[in-house]
Each structure stands twice: as C-alpha cells, then as structure tokens.
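Student: sequence unknown, structure follows:
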C-alpha cells in the first residue's frame, strides 16, 4: 500500500481538486509505448502508401542532378538555384509522410492524457539533478517495470522479426535474379512490410502498457484520509466559518421575508404559535403564494409588521399549521388547500370593501373543511382526524 511522508496509507481515490492540481503540474497518464506504436505505424504506413512515389521522385531527381552540364555546375548562382529548387521539390514529395508522422506524434499523448500544456512541468527542479534522487529512481519499482518492459519488447519484436525473415527467405533469394531497378523496388516494398509487421508487434506491448500507466497514475495520486479531510476543510471552509455563513444567510432570508409581509393580503395565525402570510396576484401566479411564515418569535414579528401596515389577521389554527408544514416560502399553496384559502381570501376582500365603504360587513367565518391529510399538530405530525375534524377560526 502506498504511503506518504508521514507514513499514512494512501487509501482514498484522488478528489477532483487533486486531479486538477496534478494536471496543472503536468501529471497525466502517458504511455511511451503507445506513442512509439503510433509513430512507427504512421511512418511505415506512409511509406507503404507514398513510398513508391517518393522513391520514383528521388530516382528522377538524382538522375536530373547528375546530368548537369559543366557550365551549370561551375556557375555558383545557377547551382544554388538548382539546389534550392531540388530541396523544395524533395520537401513537397516528403510532405505527406512528414504530415502522417506529426499527426501520429500528437495523437498518442492526446488519446491517453488529453491535450495539456503546463509551464510547471518544464520548470527546472533540483530533484532532477540530485544524484540521490537519481539513484532512488534507478532502483525503484518503476525502473524495474521499465526494465521488464524493455526485455519484453526485445523478445517480442525479435521473435516477430525472425518469423518475418523466415517467411521471406524465398523472395529474398529471388531478388538476386532480377534487374537492378525492379529489385530495388521489390526490396523497398518487402522492407516496408517487414518493418510494418515488426511495428505491429508493439500493439501487444502497448495494450499492456496503457492500462498499467492508467493504474500507476491513479495510484500515485491517491490520498490519505487526513489529506481528504484537509482538502474538504480548505474547500468548504472551517466549521465555525460555515456556521457563521449559514447564520448570515438565514438572517438575510429572514429580512427579505419580513420585507414581503406588508404586500401580503392576509396573515393566518394559530393565533399564538404560527403565522403564515399569503399574497394572491392572479396576473402573476395561478394560486396564492406564501410570502412569509414562522413560529413563536418569528410569528409574533410577522403579526407586528402586519398590524403596522394594515394587513388583515385571521386566526385559523388548523389552516395555519397546514400551510406552514406543506408550503415553502415563495411557493404556491397545495391544491388540497385551495377551497379553504379561497374562503379566507374572499372574506378578507369583503372586509377591505366594507372598510372602504363599498359593501356590507361580511359574516365571520365559522369553519371550513380541510382534507383529512392536511391536519397537523403543533409538532408537525399529522393529527388524528377523528378527534380534530373541524378547522374553524376558533379552534386551537
């Protein structure tokens, strides 16, 4: 089991923050075997596809250069121009092959660890030139694994090479019986396919190395329980700081709630322990909305603000508890309470009309029915509906 400097075991998987930090430092999973495989396959595949054209171009170019006249060969300006034109033409002929090699060189690292540029990874470090650190790396488990991989590569590739050479014995003998140019072309083709076969042997090594590199990268980034706790503390803050933040958030939410009480249409009370302020705006919401609610001290404060701004207070204990325990701030009341709340609002609007001299004084609300599952006791538990079936304004 991996351990850190303090001797604690690294048993926890790396957190997102640890992975991000490691990536910033250039620590990502990389496989040299995968990079080597892709470059070899890209280069040999390019030679197989474009090798004939490249060889023909080089042959024609050599003939053209050897056929220079004496006057051109001894004229510096013409000779330089000829060399420049030949170089440009050779570059154009080799461009497809070089392009394949560049793509292969980029695909390998990106395919495994993703695109990454880290300035920290190329910064000089004293540990890289420290002889003791170098000796430690030489005799580490990673060095042993690299040695085993090197031996495995040698054995696998040597075995494949022997098999390919044995399979080409007859064609190799026949090369001596052919004309020069066909023999060269045939030899180039056979060499390309032989190298391609040997390169394909790297597939087995890369298939083993890639999972190992992913495992090794994950193992190196593992954390101790203490490191995880410290990171969580740094990320989320100390408990006392978080407690203070939550307290401030509650105070801000309470102030916003109290500021909304003057815009309420009615405050339904317990009348002593619960207060719920409702506002109904049919143009904005389809049902009445709870703009404030509270118990004990907060309930008294809501009633004080309501009285100061002329908001109607209505004692209805069962309805107040039902709304309090089923509806959040700024949320619409649930559908089972529509009828009871509609009766309350109708009564309140009639009271406002009467106070404005636009109607008769309404009769006091005697009682209104609530669904059985909307009866709650002061502790928030659903009450026994057989003993508490009424919900009139005078019930307690």
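Tutor: Thanks, I have the structure now. If you're wondering where the values come from, they're calculated on a predicted model, not measured in any experiment.

Student: going forward, measure contacts and count neighbours with C-alpha atoms only.
Tutor: Noted.

Student: where is the longest helix in this structure?
Tutor: Ranked by residue count and defined by DSSP state H, the top helix of the chain is helix 76-113.

Student: quick check: mean pLDDT across that one?
Tutor: Averaging pLDDT along helix 76-113 yields 82.

Student: list the buried ones in it?
Tutor: 86, 93-94, 96-98, 100-101, 104-105, 107-109, 112-113 (16 or more other CA atoms under 10 Å).

Student: tell me which other helices or strands that helix touches.
Tutor: For helix 76-113, the elements it packs on are helix 32-66, helix 70-73, judged by 3 or more CA pairs under 8 Å, 6 or more residues apart in numbering; DSSP states H and E.

Student: show me how far that helix is from its chain's centre.
Tutor: Averaging C-alpha positions (CA atoms, centre = their mean, to the nearest Å) puts helix 76-113 38 Å from its chain's average.

Student: got the angle between that helix and helix 32-66?
Tutor: Put simply, helix 76-113 runs at 160 degrees to helix 32-66, going by axes from the mean of the first three to the mean of the last three CA atoms, to 10 degrees.

Student: about what we covered before: which of the helices and strands packed on helix 76-113 sits closest to residue 178?
Tutor: Evaluated over the helices and strands packed on helix 76-113, closeness to residue 178 peaks at helix 32-66, with 18.0 Å, by CA to CA.

Student: gap between the closest one and the chain center?
Tutor: On CA atoms, centre = their mean, the centre of helix 32-66 falls 41 Å from the chain's centre.

Student: that older thread, of all the buried residues of helix 76-113, which comes closest to residue 254?
Tutor: Nearest to residue 254 out of the buried residues of helix 76-113 is residue 113 (CA to CA; 49.1 Å).

Student: hmm, residue 28 and that closest one touching each other?
Tutor: Yes. Contact status for residue 113 versus residue 28: in contact at 5.5 Å, counting by CA atoms under 8 Å.

Student: any idea which of the helices and strands packed on helix 76-113 gets closest to residue 159?
Tutor: From those, taking CA to CA, the stretch that ends up closest is helix 32-66, at 17.0 Å.

Student: which elements pack onto that closest one?
Tutor: helix 76-113, helix 180-200, helix 202-220.

Student: domains of the protein: list them as residue ranges, please.
Tutor: Split into domains by automatic domain parsing, the chain comes to 28-220, 260-374.

Student: measure the longest one end to end?
Tutor: Distance between the boundary residues of domain 28-220 (CA to CA, to the nearest Å) amounts to 11 Å.

Student: equivalent analysis for the last one, please.
Tutor: Its first and final residues considered, domain 260-374 spans 26 Å by CA to CA.

Student: check what pLDDT residue 301 gets.
Tutor: 90.

Student: again but with residue 25, I slipped
Tutor: Model confidence at residue 25 (pLDDT) stands at 74.

Student: and it, how many neighbours does it have?
Tutor: Applying other CA atoms under 10 Å, we find 17 residues neighbouring residue 25.

Student: for it, grab phi and psi.
Tutor: Backbone torsions of residue 25, given as degrees, to the nearest 10, read phi -90, psi 0.

Student: how about residue 276, secondary structure?
Tutor: The three-state label given to residue 276 by DSSP: H, G, I helix; E, B strand; the rest coil is strand.

Student: surely it touches residue 265?
Tutor: No. Assessed by CA under 8 Å, residue 276 is found out of contact with residue 265, at 10.8 Å.

Student: of the two, give the one with the bigger neighbour count.
Tutor: Just comparing residue 276 and residue 265: by other CA under 10 Å the higher neighbour count belongs to residue 276, 30 against 23.

Student: so what's the more buried one bridging to?
Tutor: Note on residue 276: beta-bridge partners residue 268, residue 293, judged by DSSP bridges.

Student: okay, it: pLDDT?
Tutor: Model confidence at residue 276, given as pLDDT, is 91.

Student: what does residue 8 give?
Tutor: For residue 8, the predicted pLDDT is 68.

Student: for residue 238, same thing?
Tutor: 63.

Student: now swap in residue 129 and tell me
Tutor: Note for residue 129: predicted pLDDT of 63.

Student: returning to what we had before: tell me which of the domains of the chain sits nearest to residue 253.
Tutor: Comparing the domains of the chain by CA to CA, domain 260-374 comes nearest, at 9.9 Å.

Student: where does pLDDT dip in the stretch 251-396 of the chain?
Tutor: Scanning the stretch 251-396 of the chain for pLDDT under 70 picks out 271, 366-368, 383-396.

Student: as a check, name the ranges of all helices in it.
Tutor: 297-308, 317-326, 338-355 (DSSP state H, counting those that start in this stretch).

Student: mind telling me what element residue 162 is part of?
Tutor: Assessed by DSSP states H and E, residue 162 sits inside helix 141-167.

Student: elements contacting that helix?
Tutor: Checking 3+ CA pairs under 8 Å, 6+ apart, helix 141-167 ends up next to helix 180-200, helix 202-220.

Student: comparing the ones you listed by mean pLDDT, which bottoms out?
Tutor: When I compare those, helix 180-200 is least confident, with a mean of 78.

Student: by contact count, what packs against that helix?
Tutor: Helix 180-200 packs on helix 32-66, helix 141-167, helix 169-175, going by 3+ CA pairs under 8 Å, 6+ apart.

Student: I'd like to know which elements the shortest one is packed against.
Tutor: When you say that, I think you mean helix 169-175. Helix 169-175 packs on helix 180-200, going by 3+ CA pairs under 8 Å, 6+ apart.

Student: apply 7 Å and report the result again.
Tutor: Contact here means 3 or more CA pairs under 7 Å, 6 or more residues apart in numbering; DSSP states H and E; on that basis helix 169-175 packs against no helix or strand.

Student: can you point out the buried residues in that helix?
Tutor: residue 172.

Student: same question for the second one.
Tutor: With burial defined by 16+ other CA under 10 Å, the residues of helix 141-167 counted as buried are 149, 153, 156-157, 160-161, 164.
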